[in-house]
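Visitor: here's a sequence, model it:
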Amino acid sequence: MLCWLRFTVLVYISCFPWNNVSGCNNTAPCKFKGGELLEHLDQLSVNSTHPGNINVSLIEIKLEWFTTNRRVFNGKLAAPTIRFTETDGLHIRLTNNLPGNPVSPTNYSINRVMLDISGLRLHPDTFERDSLQDLINPGESTSISRNIFNRNSGTYLYGTYTNGSSHFMISSGLCGMAVVEDSSSNIHEILFNISCPDHCGDEIQLLFGSTMQYSQSGGDFGSLQSTVGDEDNRNLEILTGTNQTLEDWLRDDNNGVNYVTVNGQIQPTLTLQTGQMKRFRLASCCATQALNLTFDRSHCDVREVASDGSYHSNPREPATLLLPGSTFDWIVVCNTPGTFQVGKLLFT
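Guide: The predicted model follows:
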(Lines give C-alpha, C1' and ligand atoms only; values in the text may rest on other atoms or scores of the structure.)
Protein backbone atom coordinates (compact mmCIF):
# COMPACT_ATOMS: atom_id res chain seq x y z
CA MET A 1 0.00 0.00 0.00
CA LEU A 2 1.32 3.43 -0.96
CA CYS A 3 1.58 5.91 1.89
CA TRP A 4 2.09 9.65 1.46
CA LEU A 5 4.67 10.98 3.87
CA ARG A 6 4.24 14.29 5.62
CA PHE A 7 6.52 16.66 3.82
CA THR A 8 7.14 18.41 0.54
CA VAL A 9 10.42 19.22 -1.18
CA LEU A 10 10.15 22.47 -3.10
CA VAL A 11 12.14 24.14 -5.83
CA TYR A 12 10.77 27.67 -6.13
CA ILE A 13 11.11 29.57 -9.38
CA SER A 14 11.84 33.05 -8.07
CA CYS A 15 14.12 34.54 -5.45
CA PHE A 16 13.52 34.63 -1.70
CA PRO A 17 15.64 36.19 1.06
CA TRP A 18 17.73 33.74 3.02
CA ASN A 19 16.08 32.84 6.33
CA ASN A 20 17.99 33.57 9.52
CA VAL A 21 18.80 30.56 11.69
CA SER A 22 21.38 32.29 13.88
CA GLY A 23 21.60 30.86 17.38
CA CYS A 24 20.71 27.33 16.29
CA ASN A 25 23.33 24.59 16.43
CA ASN A 26 23.78 20.89 17.12
CA THR A 27 22.96 21.29 20.82
CA ALA A 28 20.16 23.83 20.24
CA PRO A 29 18.43 22.71 17.04
CA CYS A 30 15.57 24.48 15.29
CA LYS A 31 13.43 23.95 12.22
CA PHE A 32 15.23 24.10 8.88
CA LYS A 33 14.26 27.12 6.79
CA GLY A 34 15.51 26.52 3.26
CA GLY A 35 15.42 29.29 0.67
CA GLU A 36 19.05 29.49 -0.43
CA LEU A 37 19.72 30.14 -4.09
CA LEU A 38 20.20 26.90 -5.99
CA GLU A 39 23.88 26.00 -6.32
CA HIS A 40 25.07 24.56 -9.61
CA LEU A 41 26.71 21.16 -9.53
CA ASP A 42 30.44 20.97 -10.20
CA GLN A 43 31.17 19.69 -13.72
CA LEU A 44 33.93 17.12 -14.26
CA SER A 45 34.65 16.70 -17.98
CA VAL A 46 36.85 13.69 -18.68
CA ASN A 47 38.55 12.16 -21.72
CA SER A 48 41.44 9.85 -22.53
CA THR A 49 43.96 12.71 -22.35
CA HIS A 50 42.58 14.24 -19.16
CA PRO A 51 40.99 11.58 -16.94
CA GLY A 52 38.91 12.90 -14.07
CA ASN A 53 39.61 12.36 -10.38
CA ILE A 54 36.85 11.05 -8.13
CA ASN A 55 37.84 11.01 -4.45
CA VAL A 56 35.71 9.35 -1.80
CA SER A 57 36.18 10.84 1.65
CA LEU A 58 34.53 11.27 5.04
CA ILE A 59 34.04 14.98 5.70
CA GLU A 60 32.10 17.36 7.89
CA ILE A 61 29.27 19.05 6.03
CA LYS A 62 27.02 21.90 7.14
CA LEU A 63 23.39 22.53 6.23
CA GLU A 64 22.19 25.77 7.80
CA TRP A 65 22.97 25.23 11.53
CA PHE A 66 23.41 21.44 11.28
CA THR A 67 26.86 19.82 11.06
CA THR A 68 27.45 16.12 10.48
CA ASN A 69 29.96 13.74 8.92
CA ARG A 70 29.19 12.16 5.56
CA ARG A 71 30.84 9.97 2.94
CA VAL A 72 30.88 12.01 -0.26
CA PHE A 73 32.46 12.40 -3.69
CA ASN A 74 35.05 15.17 -4.11
CA GLY A 75 34.36 16.88 -0.82
CA LYS A 76 30.72 17.95 -1.31
CA LEU A 77 27.32 16.60 -0.35
CA ALA A 78 26.25 17.22 -3.96
CA ALA A 79 28.47 15.01 -6.14
CA PRO A 80 30.06 16.45 -9.29
CA THR A 81 28.49 15.69 -12.66
CA ILE A 82 30.81 13.46 -14.69
CA ARG A 83 30.70 14.40 -18.40
CA PHE A 84 32.23 12.49 -21.28
CA THR A 85 31.60 11.72 -24.95
CA GLU A 86 30.76 8.52 -26.79
CA THR A 87 33.99 8.91 -28.77
CA ASP A 88 36.32 9.24 -25.77
CA GLY A 89 34.47 7.02 -23.30
CA LEU A 90 34.81 7.07 -19.53
CA HIS A 91 38.21 7.74 -17.92
CA ILE A 92 38.28 8.10 -14.14
CA ARG A 93 40.85 7.80 -11.36
CA LEU A 94 38.92 6.56 -8.33
CA THR A 95 40.61 7.11 -4.94
CA ASN A 96 39.32 5.86 -1.59
CA ASN A 97 40.30 8.26 1.20
CA LEU A 98 37.97 6.72 3.76
CA PRO A 99 39.26 5.34 7.08
CA GLY A 100 39.47 1.61 7.74
CA ASN A 101 36.24 -0.30 8.04
CA PRO A 102 34.73 -0.15 11.54
CA VAL A 103 34.41 -3.33 13.56
CA SER A 104 30.76 -4.30 13.29
CA PRO A 105 28.91 -7.48 14.25
CA THR A 106 26.95 -7.14 11.00
CA ASN A 107 30.22 -7.08 9.00
CA TYR A 108 29.21 -4.31 6.59
CA SER A 109 32.10 -2.96 4.49
CA ILE A 110 30.97 0.65 4.49
CA ASN A 111 34.42 2.05 3.69
CA ARG A 112 35.13 -0.08 0.63
CA VAL A 113 33.94 1.64 -2.53
CA MET A 114 33.37 1.08 -6.22
CA LEU A 115 31.92 3.06 -9.12
CA ASP A 116 28.85 2.07 -11.08
CA ILE A 117 27.00 4.00 -13.78
CA SER A 118 23.45 2.72 -14.00
CA GLY A 119 21.95 2.09 -17.42
CA LEU A 120 25.06 2.91 -19.46
CA ARG A 121 25.91 0.30 -22.09
CA LEU A 122 29.65 -0.33 -21.81
CA HIS A 123 31.49 -1.99 -24.66
CA PRO A 124 32.61 -5.45 -23.43
CA ASP A 125 35.65 -5.58 -25.74
CA THR A 126 37.31 -2.74 -23.84
CA PHE A 127 37.22 -4.16 -20.30
CA GLU A 128 40.65 -3.96 -18.73
CA ARG A 129 42.00 -5.54 -15.58
CA ASP A 130 40.12 -3.30 -13.15
CA SER A 131 36.37 -3.72 -13.32
CA LEU A 132 34.11 -0.72 -13.03
CA GLN A 133 32.52 -2.48 -10.07
CA ASP A 134 35.66 -3.71 -8.27
CA LEU A 135 35.72 -2.79 -4.57
CA ILE A 136 38.54 -0.42 -3.58
CA ASN A 137 39.88 -0.60 -0.03
CA PRO A 138 40.64 2.50 2.07
CA GLY A 139 43.92 4.10 0.98
CA GLU A 140 43.77 2.54 -2.50
CA SER A 141 42.98 3.93 -5.94
CA THR A 142 42.33 2.55 -9.39
CA SER A 143 42.11 3.81 -12.97
CA ILE A 144 38.92 3.13 -14.89
CA SER A 145 38.82 3.35 -18.69
CA ARG A 146 35.76 2.21 -20.62
CA ASN A 147 34.50 2.60 -24.15
CA ILE A 148 30.76 2.71 -24.67
CA PHE A 149 28.37 1.82 -27.45
CA ASN A 150 27.20 4.47 -29.91
CA ARG A 151 23.93 6.35 -29.36
CA ASN A 152 24.36 6.40 -25.61
CA SER A 153 24.19 10.17 -25.17
CA GLY A 154 21.96 11.14 -22.27
CA THR A 155 21.61 11.56 -18.50
CA TYR A 156 22.58 8.77 -16.09
CA LEU A 157 23.47 8.19 -12.44
CA TYR A 158 26.68 6.94 -10.86
CA GLY A 159 27.36 5.80 -7.32
CA THR A 160 29.07 3.36 -5.00
CA TYR A 161 27.17 0.45 -3.52
CA THR A 162 28.67 -2.30 -1.37
CA ASN A 163 27.68 -5.51 0.36
CA GLY A 164 24.09 -4.74 1.34
CA SER A 165 24.83 -1.17 2.45
CA SER A 166 23.63 0.58 -0.72
CA HIS A 167 20.82 2.39 1.10
CA PHE A 168 23.29 3.82 3.59
CA MET A 169 25.89 4.79 0.96
CA ILE A 170 23.37 6.56 -1.27
CA SER A 171 21.74 8.37 1.65
CA SER A 172 25.15 9.48 2.87
CA GLY A 173 25.79 11.25 -0.45
CA LEU A 174 27.66 8.77 -2.67
CA CYS A 175 25.52 9.27 -5.75
CA GLY A 176 25.79 11.72 -8.65
CA MET A 177 24.83 12.54 -12.21
CA ALA A 178 26.71 11.32 -15.29
CA VAL A 179 26.20 12.87 -18.72
CA VAL A 180 27.23 11.42 -22.06
CA GLU A 181 27.47 14.54 -24.22
CA ASP A 182 25.19 15.03 -27.19
CA SER A 183 26.53 15.62 -30.65
CA SER A 184 24.86 17.92 -33.15
CA SER A 185 24.29 14.93 -35.45
CA ASN A 186 22.07 12.92 -33.09
CA ILE A 187 19.74 15.50 -31.45
CA HIS A 188 17.53 18.33 -32.68
CA GLU A 189 19.16 21.73 -33.15
CA ILE A 190 16.82 23.32 -30.56
CA LEU A 191 17.96 20.89 -27.86
CA PHE A 192 21.61 21.13 -28.85
CA ASN A 193 21.41 24.94 -28.50
CA ILE A 194 20.34 24.72 -24.83
CA SER A 195 22.81 22.02 -23.76
CA CYS A 196 26.43 21.71 -22.72
CA PRO A 197 29.17 21.76 -23.83
CA ASP A 198 28.43 24.86 -25.95
CA HIS A 199 25.42 26.26 -24.07
CA CYS A 200 25.94 25.33 -20.43
CA GLY A 201 24.20 28.48 -19.21
CA ASP A 202 20.91 27.08 -20.48
CA GLU A 203 21.27 23.69 -18.78
CA ILE A 204 19.90 23.26 -15.26
CA GLN A 205 20.74 20.10 -13.32
CA LEU A 206 18.62 19.01 -10.36
CA LEU A 207 20.07 16.17 -8.30
CA PHE A 208 17.58 14.85 -5.74
CA GLY A 209 18.96 12.97 -2.73
CA SER A 210 17.61 11.27 0.39
CA THR A 211 20.49 12.79 2.36
CA MET A 212 18.35 14.59 4.98
CA GLN A 213 15.76 11.97 5.77
CA TYR A 214 16.03 11.41 9.50
CA SER A 215 12.48 11.14 10.81
CA GLN A 216 11.20 7.69 11.73
CA SER A 217 8.45 7.89 9.11
CA GLY A 218 11.05 8.61 6.43
CA GLY A 219 14.56 7.38 5.73
CA ASP A 220 15.69 7.27 9.39
CA PHE A 221 19.35 7.84 8.55
CA GLY A 222 20.38 7.53 12.20
CA SER A 223 19.06 3.98 12.32
CA LEU A 224 20.90 3.20 9.08
CA GLN A 225 24.13 4.39 10.68
CA SER A 226 23.52 2.14 13.69
CA THR A 227 22.71 -0.85 11.49
CA VAL A 228 25.87 -0.67 9.37
CA GLY A 229 28.23 0.21 12.24
CA ASP A 230 28.81 3.90 11.52
CA GLU A 231 28.69 4.68 15.25
CA ASP A 232 31.49 7.27 15.27
CA ASN A 233 29.56 9.56 12.93
CA ARG A 234 26.11 9.49 14.51
CA ASN A 235 24.80 12.80 15.84
CA LEU A 236 24.65 11.88 19.52
CA GLU A 237 25.31 15.37 20.91
CA ILE A 238 23.26 16.04 24.06
CA LEU A 239 20.82 18.91 23.63
CA THR A 240 21.19 21.81 26.04
CA GLY A 241 19.11 21.33 29.19
CA THR A 242 17.83 17.85 28.24
CA ASN A 243 18.81 14.19 28.21
CA GLN A 244 17.88 13.99 24.53
CA THR A 245 20.42 13.57 21.74
CA LEU A 246 20.39 15.47 18.47
CA GLU A 247 19.67 12.19 16.70
CA ASP A 248 16.55 11.78 18.86
CA TRP A 249 15.44 15.27 17.81
CA LEU A 250 16.13 14.57 14.13
CA ARG A 251 14.17 11.32 14.23
CA ASP A 252 11.13 12.92 15.89
CA ASP A 253 8.40 13.21 13.23
CA ASN A 254 7.16 16.41 14.90
CA ASN A 255 10.35 18.20 13.82
CA GLY A 256 9.85 17.36 10.15
CA VAL A 257 13.44 16.42 9.28
CA ASN A 258 12.45 14.34 6.28
CA TYR A 259 13.86 16.34 3.39
CA VAL A 260 14.90 15.33 -0.07
CA THR A 261 17.82 17.63 -0.84
CA VAL A 262 18.22 19.34 -4.21
CA ASN A 263 21.86 19.72 -5.25
CA GLY A 264 22.76 19.12 -1.61
CA GLN A 265 20.45 21.90 -0.34
CA ILE A 266 17.16 22.11 1.53
CA GLN A 267 14.35 23.71 -0.49
CA PRO A 268 16.54 25.96 -2.66
CA THR A 269 15.27 28.75 -4.90
CA LEU A 270 15.86 29.37 -8.59
CA THR A 271 15.28 32.38 -10.85
CA LEU A 272 14.29 31.98 -14.49
CA GLN A 273 13.76 34.72 -17.05
CA THR A 274 10.37 34.90 -18.73
CA GLY A 275 10.36 33.35 -22.20
CA GLN A 276 13.81 31.79 -21.89
CA MET A 277 14.10 28.13 -22.91
CA LYS A 278 16.04 25.86 -20.53
CA ARG A 279 17.07 22.22 -20.50
CA PHE A 280 16.45 20.53 -17.15
CA ARG A 281 18.30 17.34 -16.26
CA LEU A 282 16.58 15.70 -13.28
CA ALA A 283 18.12 12.72 -11.50
CA SER A 284 16.96 10.82 -8.42
CA CYS A 285 19.57 9.68 -5.92
CA CYS A 286 16.81 8.78 -3.48
CA ALA A 287 17.51 5.41 -1.98
CA THR A 288 14.06 3.83 -1.83
CA GLN A 289 11.43 6.50 -2.42
CA ALA A 290 9.76 7.81 -5.57
CA LEU A 291 9.19 11.51 -6.20
CA ASN A 292 5.93 12.84 -7.56
CA LEU A 293 6.83 15.85 -9.71
CA THR A 294 4.38 18.67 -10.25
CA PHE A 295 4.82 21.80 -12.33
CA ASP A 296 2.44 24.76 -12.56
CA ARG A 297 1.45 24.51 -16.22
CA SER A 298 -0.30 27.89 -16.11
CA HIS A 299 3.16 29.49 -15.84
CA CYS A 300 5.42 27.16 -17.80
CA ASP A 301 5.39 24.87 -20.81
CA VAL A 302 7.20 21.60 -20.04
CA ARG A 303 8.11 18.83 -22.48
CA GLU A 304 9.93 15.60 -21.66
CA VAL A 305 12.56 14.72 -24.28
CA ALA A 306 14.31 11.78 -22.60
CA SER A 307 14.17 9.40 -19.65
CA ASP A 308 16.83 7.11 -18.18
CA GLY A 309 19.35 8.05 -20.87
CA SER A 310 17.04 7.30 -23.82
CA TYR A 311 15.66 10.03 -26.07
CA HIS A 312 12.02 9.94 -27.13
CA SER A 313 11.21 10.11 -30.84
CA ASN A 314 9.16 13.26 -30.10
CA PRO A 315 8.81 15.54 -27.06
CA ARG A 316 5.89 14.50 -24.87
CA GLU A 317 3.95 15.40 -21.78
CA PRO A 318 6.28 14.94 -18.80
CA ALA A 319 5.96 11.92 -16.59
CA THR A 320 5.32 12.83 -12.96
CA LEU A 321 6.83 9.83 -11.18
CA LEU A 322 10.62 9.90 -10.79
CA LEU A 323 11.70 6.52 -9.46
CA PRO A 324 14.89 5.88 -7.45
CA GLY A 325 17.85 5.77 -9.82
CA SER A 326 15.89 7.31 -12.70
CA THR A 327 16.45 10.45 -14.79
CA PHE A 328 14.33 12.82 -16.86
CA ASP A 329 15.32 15.45 -19.42
CA TRP A 330 12.88 18.35 -19.84
CA ILE A 331 12.61 21.43 -22.02
CA VAL A 332 11.06 24.23 -19.97
CA VAL A 333 9.83 27.68 -21.02
CA CYS A 334 8.14 29.92 -18.44
CA ASN A 335 6.09 32.63 -20.14
CA THR A 336 4.27 34.15 -17.16
CA PRO A 337 6.03 36.08 -14.38
CA GLY A 338 5.33 34.84 -10.88
CA THR A 339 6.35 32.62 -8.03
CA PHE A 340 5.44 28.96 -8.14
CA GLN A 341 6.83 25.62 -7.17
CA VAL A 342 7.97 22.29 -8.47
CA GLY A 343 6.59 20.10 -5.71
CA LYS A 344 8.05 16.74 -4.81
CA LEU A 345 5.78 14.66 -2.66
CA LEU A 346 7.61 11.66 -1.34
CA PHE A 347 6.02 8.29 -0.88
CA THR A 348 6.98 4.66 -0.58
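
Visitor: based on its surroundings, how many neighbours for residue 253?
Guide: 15 (other Cβ atoms under 10 Å). Every residue, glycine included, has its C-beta placed from N, CA and C.

Visitor: for it, give me the pLDDT.
Guide: Reported pLDDT at residue 253 in the predicted model: 90.

Visitor: from memory it sits against residue 216, does it?
Guide: Yes: counting by Cβ atoms under 8 Å, residue 216 is a contact partner of residue 253 at 6.0 Å.

Visitor: nearest spatial neighbour of residue 51, skipping sequence neighbours?
Guide: Take residue 51 and drop its neighbours on the chain: the residue closest to it by Cβ to Cβ, 6 or more residues apart in numbering is residue 91, 3.8 Å away.

Visitor: for that neighbour, give the beta-bridge partners.
Guide: Bridge pairing for residue 91 (DSSP bridges) gives the partners residue 145.

Visitor: where's the residue lying farthest from the centre of the chain relative to residue 230, distance?
Guide: No residue in the chain sits farther from the centre than residue 241, which is 36.2 Å out by Cα atoms, centre = their mean. To residue 230, residue 241 is 28 Å away according to Cβ to Cβ, to the nearest Å.

Visitor: same question, residue 70
Guide: In terms of Cβ to Cβ, residue 70 sits 10 Å off from residue 230.

Visitor: of these two, who's got more company?
Guide: Higher neighbour count among residue 70 and residue 230: residue 230, with 23 against 19, using other Cβ under 10 Å.

Visitor: backbone phi and psi for the most centrally placed residue in the chain, please?
Guide: Nearest residue to the geometric centre of the chain (Cα atoms, centre = their mean): residue 207, 3.9 Å. Reported as degrees, to the nearest 10, the phi and psi values for residue 207 are phi -110, psi 110.

Visitor: can you check the one 4 residues further on too?
Guide: Here is the backbone geometry of residue 211 (degrees, to the nearest 10): phi -80, psi -10.

Visitor: so who does residue 182 touch?
Guide: 153, 191, 192, 195 (Cβ atoms under 8 Å, 6 or more residues apart in numbering).

Visitor: ok, residue 184 - how many residues close by?
Guide: Quick note: residue 184 (other Cβ under 10 Å) scores 11 neighbours.

Visitor: go ahead and confirm it touches residue 193.
Guide: No: judged on Cβ under 8 Å, residue 184 makes no contact with residue 193 at a distance of 9.4 Å.

Visitor: all helices in the stretch 101-250 of the chain, in order from the N-terminus.
Guide: 166-172, 189-192, 221-228, 246-251 (DSSP state H, counting those that start in this stretch).

Visitor: and for the spatially closest residue to residue 219 that is not a sequence neighbour, the neighbour number?
Guide: Of all residues not flanking residue 219 in the chain, residue 213 sits nearest, at 2.8 Å (Cβ to Cβ, 6+ apart). By other Cβ under 10 Å, the residues close to residue 213 number 26.

Visitor: how close does residue 213 sit to residue 159?
Guide: 17 Å.

Visitor: for residue 204, same thing?
Guide: In terms of Cβ to Cβ, residue 204 sits 21 Å off from residue 159.

Visitor: and the helices of the stretch 101-250 of the chain, which is most packed in?
Guide: helix 166-172 (a mean of 23; mean count of other Cβ atoms under 10 Å).

Visitor: who touches that one?
Guide: By Cβ under 8 Å, 6+ apart, helix 166-172 touches 70-72, 108, 110, 159-162, 175, 209-211, 213, 219, 221, 224-225, 227-228, 230, 285-288.
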